[in-house]
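# kindly return the folded structure for what I paste below:
(2 chains)
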There are 2 protein chains.
Amino acid sequence: MLVIAERINATRQGIRQALLARDEALIRKEAREQAAAGAAWLDVNAAADPVRELELMEWLLEVVQAEGKIPLAIDSASPAVIEAGLKRHRNGQALVNSITMETGRYEKMLPLVKEYGAAVIGLALDDRGIGKTAADRLQAVERMVEEVDRQRIPLSDLYVDPMVLTVSSDQGSGRLALEVLHQIKARWPEVKTTAGLSNVSFGLPGRPLLNRTFLAMLLAAGLDSAIVDPLDKKLMAAVRAAETLLGQDPYCGNYLKAFRAGWLES
Amino acid sequence: MLVIAERINATRQGIRQALLARDEALIRKEAREQAAAGAAWLDVNAAADPVRELELMEWLLEVVQAEGKIPLAIDSASPAVIEAGLKRHRNGQALVNSITMETGRYEKMLPLVKEYGAAVIGLALDDRGIGKTAADRLQAVERMVEEVDRQRIPLSDLYVDPMVLTVSSDQGSGRLALEVLHQIKARWPEVKTTAGLSNVSFGLPGRPLLNRTFLAMLLAAGLDSAIVDPLDKKLMAAVRAAETLLGQDPYCGNYLKAFRAGWLES
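As a prediction, the model looks like this:
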């Protein structure tokens, strides 16, 4: 599973303060630790202050890239901020986080994805919002796949998120996300998938347990990547276990390595 | 998930000794604790001594049924021992553990299942052994379903085990079991499923982690029951989490109850 490491996000209080105070050391530490824990991308979100998001993103890109060579997931609702990030990205292929099929959003974002040769996360929703049925969500994905293809972006650079909502308010939302994921993999084998995992447990106690249990189910259904905290040892232990169980870990090598490094509880 | 509680099994050293010493207190304690932990059936295996297995099973049945009213899974390779158990079973519907499609085994067992109105675990294997492909295993299941139906045993009383082998020697065996399970649920919706879980992790460290991660995947694929230790808190926490995530736990009631009782780690 490709890890999109979620910690450098201005919605976290410590990161917000670090951004506003230009605390380079703290940001670099987060980048270093997440990279060491096996991140494929480091997500960077600079929305600490709406007026200065662009300038903060530019600063953040420089700081994180000074620390290491891992590609970044540039995380913003603003096409201007995404573009500023892509312009300064030099760590290989960037990931744009994210587009939807809402009018006015993808039309601006996809040409940027194409221009900078980035990959892109696409949320399975459109102007009707997040579909309540698998068919509604797949309709949004179908249009997204068409648009991505029309822009001549390789489908293998699109990471679709089936949208995971909390089971506490709708008991069917876990099943629905699994079903949408399953259908995406069946209908568009080239398209990659991802998930913003932690919504599933919103409003319930024992959230880490729910999150890692659901991640194992998503991986069995074919999930390619997830937006997670790679410093969460129990979560990463579940990922290593799931990969070995699904035959994605030759000779159980990564699993055994994690075990020897003390990452796996029994 | 229906729990077939595995602890009263003569392959465990403590149980073997308790059987040979007729240690009623220890057996009753195991029965009581597993019942309190939510077992749907208590598995009873008396194979501590091949010559006296029948007599030990008769004793075991009386002791366990003196403790409580939970139905038993009568676990033996011997049709005579199964029959002795069924004859003495008075806690509702017994579960016969197990039949296969090997010649000479199911022909004796199925008429007993029918006569005593029991349910039965059927392992997905035949005279060719455990199939290496989903098609081979499903062929064994197909013949089993036909035989069960021919004996006029309700298909909903058959619990098919797709056979879970260790991923340490064959990396594909986890995926294969999931695929067989998926196909069984698709082709025979009435037929129930079960799994002897712990083989999956044989030969690897961190076995409980692998077992509970695989159980979450099996439950997402439709598993109805499993042969597990209900006193394993982390395993049962994963089960409660999986049930809530899959919409099988109205208002997350069992999950919240387990949390309040201190069964869930975070």
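
# please count neighbours and contacts with C-alpha atoms only from this point.
Fine.

# tell me if residue A:122 really is in a strand.
Yes: under DSSP: H, G, I helix; E, B strand; the rest coil, residue A:122 sits within a strand.

# how many neighbours does it have?
Residue A:122 has 27 neighbours, counted by other Cα atoms under 10 Å in any protein chain shown.

# ok, it - contacts?
A:97, A:98, A:99, A:100, A:144, A:158, A:159, A:160, A:161 (Cα atoms under 8 Å, 6 or more residues apart in numbering or on different chains).

# and with 10 Å instead?
Contact partners of residue A:122, counting by Cα atoms under 10 Å, 6 or more residues apart in numbering or on different chains, are A:96-101, A:106, A:140-141, A:144-145, A:148, A:158-163, A:192-194.

# now list the buried members of those.
With burial judged by 16 or more other Cα atoms under 10 Å in any protein chain shown, the buried subset of the contacts of residue A:122 is A:96-101, A:106, A:140-141, A:144-145, A:148, A:158-163, A:192-194.

# what about those, which are in helices?
Using DSSP state H, the members of the buried ones among the contacts of residue A:122 that fall in helices are A:106, A:140, A:141, A:144, A:145, A:148.

# correct me, but the fourth one touches residue A:103?
No: Residue A:144 is beyond contact range of residue A:103, at 11.6 Å (criterion: Cα atoms under 10 Å).

# what do these two both touch?
Contacts common to residue A:144 and residue A:103, judged by Cα under 10 Å, 6+ apart, are residue A:126.

# please identify the helix or strand for the most centrally placed residue in chain A.
Among the residues of chain A, the one closest to the centroid is residue A:227, at 3.5 Å (Cα atoms, centre = their mean). Using DSSP states H and E, residue A:227 maps to strand A:225-228.

# from the chain's centre, how far out does that strand sit?
5 Å (Cα atoms, centre = their mean, to the nearest Å).

# check which helices and strands the helix or strand just after it sits against.
As assigned by DSSP H and E, the chain's next helix or strand after strand A:225-228 is helix A:233-245. Helix A:233-245 sits against helix A:207-220, helix A:253-260, helix B:173-187, helix B:207-220, with contacts defined as 3 or more Cα pairs under 10 Å, 6 or more residues apart in numbering or on different chains; DSSP states H and E.

# any stretches of the stretch 1-150 of chain A with poor pLDDT?
Scanning the stretch 1-150 of chain A for pLDDT under 70 picks out nothing.

# how about the residues of it near chain B?
Residues of the stretch 1-150 of chain A lying near chain B by Cα under 10 Å from any Cα of the partner chain: none.

# could you pull out the strands in the stretch 1-150 of chain A for me?
Taking DSSP state E, counting those that start in this stretch, the strands of the stretch 1-150 of chain A run over residues A:2-5, A:41-45, A:72-75, A:95-101, A:119-126, A:129-130.

# of those strands, which is nearest residue B:231?
strand A:2-5 (33.5 Å; Cα to Cα).

# contacts for that closest one next, please.
Everything outside strand A:2-5 that qualifies as a contact, by Cα under 10 Å, 6+ apart, is A:30-31, A:34-35, A:37-44, A:71-73, A:95, A:194-196, A:223-231, A:236, A:239.

# quick one: strands adjacent to that strand?
Partner strands and pairing direction for strand A:2-5 (DSSP bridges) are strand A:41-45 (parallel), strand A:225-228 (parallel).

# many thanks, we can stop here.
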